[in-house]
Every structure is written in structure tokens, then in C-alpha cells.
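Peer 1: Provide a 3D model corresponding to the input given below.
(3 chains)
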Amino acid sequence: MNKPTEWETVIGLEIHAQLATKSKIFSGASTIYGAKPNTQACAVDLGLPGVLPVINEQAILMAIKFGLAIGAEIPERSVFARKNYFYPDLPKGYQISQFELPIVSNGLIEIVIENKKKKIIKITRAHLEEDAGKSNHDQFNGCTGIDLNRAGNPLLEIVSEPDMNNAKEAISYLKKIHSLVRYLEICDGNMQEGSFRCDANVSVKPTQQKELGTRTEIKNLNSFKFIEAAINHEVERQINLIESGKIVTQETRLYDANKNETRSMRSKEEANDYRYFPDPDLLPVLITEEIKKIVRELIPELPDAKRMRYQNELGLSEYDSDNLTANPDIANYFETTMVANGDAKMCANWIMGDLSASLNKENINIKNSPVTAKMLGDMINLIKDKTISGKIAKIVFEAMWNKEGEAISIIENKDLKQVTDLSEIENLIDVIIAENTIQVKQYKNCPADKKQKFISFFIGQIMKKSKGKANPIQANELLKEKLNG
Amino acid sequence: MSIDKSEVEKIAWLTRLAIDKEDIANYCNELTDIVNLMEQMNSVDTTDIAPLAHPINLFSRLRIDKVTETDQRENFQENTVETKDGYYLVPKVID
Amino acid sequence: MYKSTLVQLSTALESKKISSEELIRLYIERCNKHNNSLNCFITITEEEALKKARQADKKRASGDYNLLTGIPIAQKDIFCTSGTKTTCGSKMLDNFIAPYDATLIKKMNNAGLIMLGKTNMDEFAMGSSNETSFYGPVKNPWDESRVPGGSSGGSASAVAARLSPAATGTDTGGSIRQPSSFCGITGLKPTYGRVSRYGMVAFASSLDQGGPMTQTAEDAALIMNIIAGFDEHDSTSTEKPTDNYTEKLNNSIKGLKIGLPKQYFDENLDNNVAEVIENGLKELEKLGAKCVDVELPHTELSIPAYYVVAPAECSSNLSRYDGVRFGHRCKEPKDLSDLYCRSRQEGFGKEVKRRIMTGTYVLSAGYYDAYYIKAQKIRQIISNDFKNVFKNVDIIAGPTTTGVAFKLNEKLNDPISMYLSDLYTVSVNLAGLPAISVPSGFINKLPVGMQLIGNYFQESLLMNVAHQYQKVTDWHQKIPQAYE
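Peer 2: Residues are numbered from 1 along each chain as shown, chains lettered A, B, ... in the order given. All right, here's what the predicted structure looks like:
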């Protein structure tokens, strides 16, 4: 009997990141999401007779920023080309894109795969292009409605080598790029609104075989969950095909999240001949060393460097560092919080604990948190200087969340200040001892290893009586003195 | 070099041009003549010549990222045969 | 009055010999009278022009005016004009009213010029005879059985018959110079990038350039003073400062070195035309210029290179005419492909389709290198040929065309022979140089133009030479008898 074939999956990804410019890549129309159909499609976006494109400087700078961040080559001369095809959402009958001489080529990115191993994914190229419009197939009886608001939005298409071998690696790569573009502030990363989308090229081959198998391209992937599911589904489909003696055809497939399956897109099946040629309406873009130098200085600390710093300099765990750096908004929040009190561990705990729970519960972005980083930082400082206990802090946090003010005023108004006056605590202990004579007797008679249980009981009573305000450490010391004395 | 019927049909489809059957032969002849005219270019060796895409050897000026356009949908759609609710309409597209 | 140049009209208005309203009425009358036979206008904007004339008269009365305020001009129907239809000579745009003004139109409006109408042209500027227009052929006023040339044939015919004192044209492969030559007027194709292309319906983007079609070089200079210059809406327009184009008109041309390319005077050239040009050159020599022989060895290859580059760009530029957002849309399309294929089949004429097909072919997989890249390399060679020649001479001179205006229908069904008639004009577009065609004589009552080609941005020098020539000749003052 032959051994069953071992299959190897090969995945390459094409990511479309919408650059966060105010205006479109070739026109002065707004890029704001969600406007009424065709109200943000200007004469240039519509391809009216006689109009001409003019390149948005910011789109160029953002692409350079990305290229520098992945250590890529950025040629001095970059050229825009026309990709010719007919589709109703493509107003001019061609898309202005780049073919030869893209703005970014040959970059690298490191991802973490199984068993915390590192893997380098090569980025073949990243080029600038204009987005197409959107088709609405449902609303118009027998017709498709075309909305060209999105037409002309600037896209950076990031093309990887087929360096990934399973869906998890693909997701790890995607998340890495997602995080990077957000750190660089060149893309808002909003997948629901389509600002960050991905097509996956998937093929399988027997492990020992050198040449790649026939690939299919899966389109319409707009969440990490779907991408993983779609790739896994497609791999399974291809293996089944081959094992049942059929062949995989090179084609474009659409992922249907509702059915968790991919299906062939007939409309894209015919052999395309895009007839790329340099766009005669645009001259080549010159990117000097000077420009690169300026852009390089705009690059912030990137997630990998940040993660290492959190571990090495702030003494945070790998887990905490990963979580805090995954998203630049969280990292910014964390760093602002730290400014107020300098206690990395406490800040990390509060952010990943109470804050994150509250944000998740109400589905709020950390940038819009009702408890700002400064407010949280100041509150943590009040824990550290013993104005409040960690337990009281939870009450203070909740009040801040409900917009009742800053920590200090909440503590004042609610009278939550920790009792640190020794005589006051002593009085409290006296009352507790008097009210619990039985427990006091039991404490005195029990063996040493059981005594802690009673201490906890008495402290609990003290805290209850003080409404949590008694300083637990002081109370603990005084209590022992009294009981033993 | 001659251009045959299937080539003419392929080109016509690429550029989305309906061609009447009786015109195909004519297209074959005309395009063949034109392509033969182009073949004259082969009389010069251009191995070491860089292609010139543009008469002016300059680099592009870039535009500052600023929104300058306002909504002109109504104005633009006065030239449109079929619209509804602000959308441009085409026969139903099947993906 | 209708024989006046722009300069003379400006003086007449200034001295209140005539009002703008009277002037516009006079020309509108001529247009209405002669357009039936010449067919040089697609649209005559009578009411709008009269309205503007009255405003111009007020402005002149109030002292708030420019040199050309209140003077009429005809615009080629390739320039977008808001409120007036812009057809580009095509059924495709038969109902198209541009929602904006081309930069050139805006500049002319600001200068106070008044549009008489939109002139007829070859469909999408593709043609050398004006016979490809959806609105029918334009006639040459010197002989109505002949073509006026193309693609700016309507403009050339209108100025030649003095239905308008001046007009605009566009030149992709000779479309200003060749009809100027055929109709006996002065036509300047500026350096690529000198005049904004924004709002000029694109034919071949790396070749197209708008410019003036006038009676005299002096008038051309006046128009250039208005339309030349950088435009932020056109990435290919140059930021290089413009000249004052009228300033150097009267400079002496003594010592000017003129290159005569051997290839412009070979067996392709009609002998009679050669004689006219040689006489013209003698006039220039009398003015102190020196002629030397030069070589433009790849001139013949400019035709095949041009007929690759221009159709390639046009095939892509014309993809936007798909029946969806503007332009002709076929009735009851059965599906999307039908909408595209039939709208384009019905909307485009024969020559446009021929070029779209050719362009699609040369860009398609397997042919791109052999044709498109090859043509771009030839373009480089041709451009270098000019650069070499301009190391030794100030301008180049020769015929604009191989012969005089040909008969209607003579070449219509022979595209290759039509293409070959562009021999002396297309290389200038491939290289992006400025050139002017100047009336230089007649052969059997048909005008002949001399072409002067300048180095990049040397429009001033070209108009200076042409103006000096026109001071000692009167070919540019001749008017076809029927329009006297």
C-alpha cells in the first residue's frame, strides 16, 4: 500500500489598504466613507470627457513610508500605468495602477508562527492604484446600480510572495501588516468599511513536489475570521479534487461567508488581457533620497521595537507586551497612562483588565474611551500613593466610566479616601473585637497555622465597617498587635 | 503578417465593440494593411534605445491632499440616460 | 470689416468704429449664410454670443476690458464648454453638454473673447480630411469639392472664409497645421505641455496639443498670450514661465539659421509644392536668414510609429464611452455586454473604430513589445534626430503637407494613403516640438503652407519669423472669392 500523500499548502496574499488621505488619489473629491451614492464622485472620478488626473502627494508619501518600514527598495522613478478592462464600476474603462516600476519592491516582514518560531515573509511589491466604485445588485429590479463614490480612493496593493503554508500563517501575516499600516497612520484598518481587504492565492502540492500546484484566487475577504475559514475551505476543496482524480482550474473564486464555501466567479473567468501601458496623462514620479529621509523621520516606533522595549525596559511579560502593542491606539493609551505614574505593570493590568472589559462590553474603541489615558493614569497614581485601595479604585473607575468626573473629585464626593489615621483604625478594631468576642477567643486558642483564617475574617469586618476605606496593611498590623497583645 | 477573423473578433471583444458579420473581412484587410505599415519600423535596430513614452522628459508635479470638489451629482447626471436614486443603472451584473 | 485680423478688430473696438454687438452680428450673419455650404460649424451660439457682446460693450464703456474683449472666436468642438454641447464630431457625444469649461475656454472667456460657435472636426480628431465627422464633411472654401484638411477642418474653413476672425484647433499629428495649410491660414501647434489639455476631449494624450488658428502670426501670438501657461489640472502642463509672445514679433531675423531636412524635400513631395516652399525660403533669406541642409533620417518611420502610439492611447482614452454615465446608450440592451458593445458600435464612426481596434491590437498580449514598445523606441530616435539638428540651427523649415488639399472622398476609403499624407507633421508631435504653418503661395488657386518647426518652447521665435515673413508677403491676406 502507498502511503497517503502529504499535502503542502502554498499561500500568497494581495492586500488592498486604503490610504488615509483626505482627497482621492487623482482628484480633489472627498474620501469620507458612507456618503450618498455618487455625491463624492467628481468629474475626474467619473472619467468625463476631457478630464485629467493629478497625483495626490500624500498618497505617494504614505506609500514611501510603508516601503521604508518594511525595508523595501523605493526606486527613484515610479511610473503609473493603465490597466484596461471594462466593468461598470470602473468609469474610464481602465484603472490607473502601477505595473513596471512600482513605488515599493522587495520588502520583508517577520511573523511568528507555531511554537513561537519566527518566519520571514517576502513582500514582492506594493503599488499605488485607484479604487473602483461599488455595484448594488439588489435594489434595482433587473438592473445593477453603480455608486462611484469609492472610485478613485487611493489604494496601496501589497503583494506577498507565496511564502505562507497554512491559514494561521496567513492570518499572522495579515495581522502584522494590519498593525503596521495603522502604526504608520497610512490606513485606518477598518475592515467592515473595506479600508483593508485581501485576496488570497491558494494552491496545494504533494510535500515532496518542487513545482507549485495550480492556484485559485479567492476574493471578497474582509475579516480575519472569514479569511482563515475561506483558505481552509479552499485547501480542502483542492485536495479533495486532486485526490478524486480531478484537477484544479486556475480561476477566481468568491467566498460566501454565509455558506462557508467558495464558488467560481464566472464573470472573471474569461482570459483577461489588461493591456498595461504607461499612463500618458501622468509623468513619472521622482522620489529623491531627500524625500525618503524626510519620510523616514516620520516613522514612529514600530510594533516589534515597541514590544521588545516593553519587555526589556519596562519589565512587562511577553504576553502583556504583545497585547499592548498589537494596536497603536492601545499602545498610545498605555504610554500616556504610564506618564502619570510610571508603573508599567499596574497600567498594563488596568488596561487589559477593567478598561478592556468595559470597552468590549459596550463595543467602544479605546480612542473614544470615556476614561481617558490621563484619567486612568492619575487614578493609578492615587492607588500608588495609598489615597485609595485597589478595591476602592474599581468603584472610582466605574464612576469615571459613567462620566462622573476625574478620580480625585469622585473620591472627594463619595468620601472614598482611604483611612490612614492610626487612631481611627484603632477605634475600628476595638469595635470589631468587642462585637466578635467568640471569634477572638477561638483565634487565641487555635494553632498558629490556623490563625490567618481569623485575621482575614477580622480584616473583612474592618473593611466592611470602613466601607473599604481603611488601609488594609495598617489595619493588618494593628489588628495583630491588639489580638496578640 | 495578416490578421484573421478570430483575431478581429478577439480584439473587438477586448474593446467591447460589436461588429457586423459582413464587416469582419473588411477589418481583416484594413488591420492587416495597417500592421504591415507598422512593420516598417523593423527596418531600424532599436536594441539599445530606451522607449520614449512622453515628449517632455519631466517628473510629475504632485497635488496637495485637499478636498476641493463639491457634490455635483445632479449636474453630472443630466448627461446620463438611466439613473435611479442617484445610482447609474446598467443591466443586471452577475458575478 | 470681416476681413480684419484680431489686431485690427481690437483697434476698431477701441476707437469705437464698431461695437461688439455689431461685430458679432456681422459674423453670425456670415456664419448663418455660409454654414450650409461649408458645414464648418456644428453649433452656432448666436444668442449667447449676442448676450456676451452686449456685456462686452458695457465693459468697454466702463473701462473694464482687455485687448480682445468683445471679439469673436470659433472653438473647435473638442473643447468642453459648459452649457453648449461638445460633440467632438461624434454621434457618441451628440447630446453631451459638458458640466464644465476646458481651461483654454475659461482663459478665453476671461480675456473677453466671445465664442461664435463650435467648429466641425474629424470624429474625436481622428482624420486628416474632416470627412469622418458624424456631422458630415466640411468643405474647403477655396474649392468646395475639396477637403479642408483635418482634424481641425471646421476651424480652418471658418477662418479661411472669414466666418470667424480666428479659431482654436488641436494638433495630435498635424490637425492644426495641415488644415491651416490646405485652407491658407496660419496655425500654430505649441510645444507639448505649453497649453493645458484639461477639458480638451482626449485623442492621444501624449501627442495632443491645442493652439490658435488665425489669419496672421501676430494674431496667433495674441491668442497664445491668453491660452499658454501652467494648469494645475493638467499634470503634463509645464510650470516653465510663458513668454510675452507679441514682444519679439518685430525682432530682426537676420542671421537666423534655418535647417532644411533633406527628407522633407524628396520624391514624396509634390514638385509644385516644393517650388512654393523654395520661393518662401528665398523670402526668408532676403530677410537675412541662412538656410542649411540638415538630416532627419527617420522621418518616414514617424508614420508607422505615430499610427501605433496614437491608436494605442486612443483605444484606452475612448474606453470611457460605454453608454453608462454619458454619451450614446443603445436602446434596450439585453445585458451588460450588449450595452457596451452596441453603444460603442452605434456611437463611433468607421475611422474611430478602426483606430480603437488597431490600438487594442498593438497593446494586447504578444504584440506589445513588437509594436508599442518598438514605436516608443522609434519615437526616441526621432526625438533625438531633432535634438541633433537643433544643435546647429535655430528653426527647421519645409512643407506642411506633401500636396495641396485633396478631393472629397479621394482618400476616405484608403486609410493608408490618408495616413501617409501626414508625413511632415506627425514627427513634430512624436517629439513634442512647436511648429507653425504659414500661407506661402498657391497652386491652381489652392493654398500651400510652409511649416516652421522650432526647438522646445520656441513659439516666440516661430511667430517672430512668421510675422516677419508675413510683413513682406500677402498670401495670408488672400480670401477665397466666393467669400469676399
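Peer 1: which bits of chain B sit near chain A?
Peer 2: With the criterion set to CB under 8 Å from any CB of the partner chain, chain B comes near chain A through B:14, B:16, B:53-54, B:56, B:58-69, B:71-73, B:76-77, B:82, B:84-95. C-beta: built from backbone N, CA, C; applies to glycine.
Peer 1: at 6 Å what do you get?
Peer 2: Proximity of chain B to chain A, by CB under 6 Å from any CB of the partner chain, involves residues B:14, B:16, B:53, B:58-60, B:62-69, B:71, B:73, B:84, B:86-90, B:92-93, B:95.
Peer 1: ok, chain C next?
Peer 2: Near chain A, when you scan chain C using CB under 6 Å from any CB, you find C:80, C:100, C:198-201, C:205-206, C:234-235, C:313, C:316, C:319-320, C:324-325, C:340, C:363-365.
Peer 1: what subset of the residues you listed is buried?
Peer 2: C:80, C:100, C:198-201, C:205-206, C:234-235, C:313, C:316, C:319-320, C:324-325, C:340, C:363-364 (16 or more other CB atoms under 10 Å in any protein chain shown).
Peer 1: C:Gly169 sits in which helix or strand?
Peer 2: In the assignment (DSSP states H and E), C:Gly169 maps to strand C:166-170.
Peer 1: list of residues touching that strand?
Peer 2: Applying CB atoms under 6 Å, 6 or more residues apart in numbering or on different chains, the contact partners of strand C:166-170 are C:6, C:73-76, C:78, C:125, C:152, C:155, C:158-159, C:176, C:208, C:210, C:213-214, C:219.
Peer 1: low-confidence regions, chain B specifically.
Peer 2: B:95 (pLDDT under 70).
Peer 1: for C:Ala204, see how far away the residue in it that chain C sits nearest to is.
Peer 2: Nearest residue of chain B to chain C, counting by CB to the nearest CB: B:Pro55, 2.4 Å away. To C:Ala204, B:Pro55 is 11 Å away according to CB to CB, to the nearest Å.
Peer 1: ok, now A:Glu335?
Peer 2: 55 Å.
Peer 1: neighbour count winner among these two?
Peer 2: The residue with more neighbours, out of A:Glu335 and C:Ala204, is C:Ala204; 25 against 18, by other CB atoms under 10 Å in any protein chain shown.
Peer 1: state the pLDDT value of the more buried one.
Peer 2: On pLDDT, C:Ala204 comes in at 98.
Peer 1: for C:Ile395, list the residues it contacts.
Peer 2: C:Ile395 neighbours (CB under 6 Å, 6+ apart): C:258, C:452, C:454.
Peer 1: neighbour-wise, which of those leads?
Peer 2: Ranked by neighbour count (other CB under 10 Å), these have C:Leu452 at the top, with 28 neighbours.
Peer 1: so, low pLDDT: which residues of the stretch 301-450 of chain A?
Peer 2: Looking at the stretch 301-450 of chain A by pLDDT under 70, you get A:419.
Peer 1: in it, which residue sits closest to chain B?
Peer 2: A:Pro328 (20.9 Å).
Peer 1: quick one, what contacts the nearest residue to that residue once chain neighbours are set aside?
Peer 2: In space, and not counting its chain neighbours, A:Pro328 is closest to A:Tyr183: 4.6 Å by CB to CB, 6 or more residues apart in numbering or on different chains. Counting by CB under 6 Å, 6+ apart, A:Tyr183 makes contact with A:302-303, A:328.
Peer 1: how about the strands in the stretch 251-400 of chain A?
Peer 2: Assigned strands in the stretch 251-400 of chain A, in chain order: A:252-256, A:261-264, A:277-278, A:285-286 (criterion: DSSP state E, counting those that start in this stretch).
Peer 1: one more: the stretch 251-400 of chain C?
Peer 2: Using DSSP E, counting those that start in this stretch, strands in the stretch 251-400 of chain C cover C:257-261, C:290-294, C:395-399.
Peer 1: over to chain B?
Peer 2: Counting by DSSP state E, one finds strands in chain B at the ranges B:83-84, B:87-91.
Peer 1: which of the ones you listed sits most buried?
Peer 2: strand B:87-91 (a mean of 23; mean count of other CB atoms under 10 Å in any protein chain shown).
Peer 1: now the residue in the stretch 301-450 of chain C positioned nearest to chain A, nearest residue through space, not along the chain?
Peer 2: Proximity of the stretch 301-450 of chain C to chain A (CB to the nearest CB) peaks at C:Ser319, 2.4 Å away. Leaving out its chain neighbours, the residue that sits closest to C:Ser319 by CB to CB, 6+ apart is A:Gly93, at 2.4 Å.
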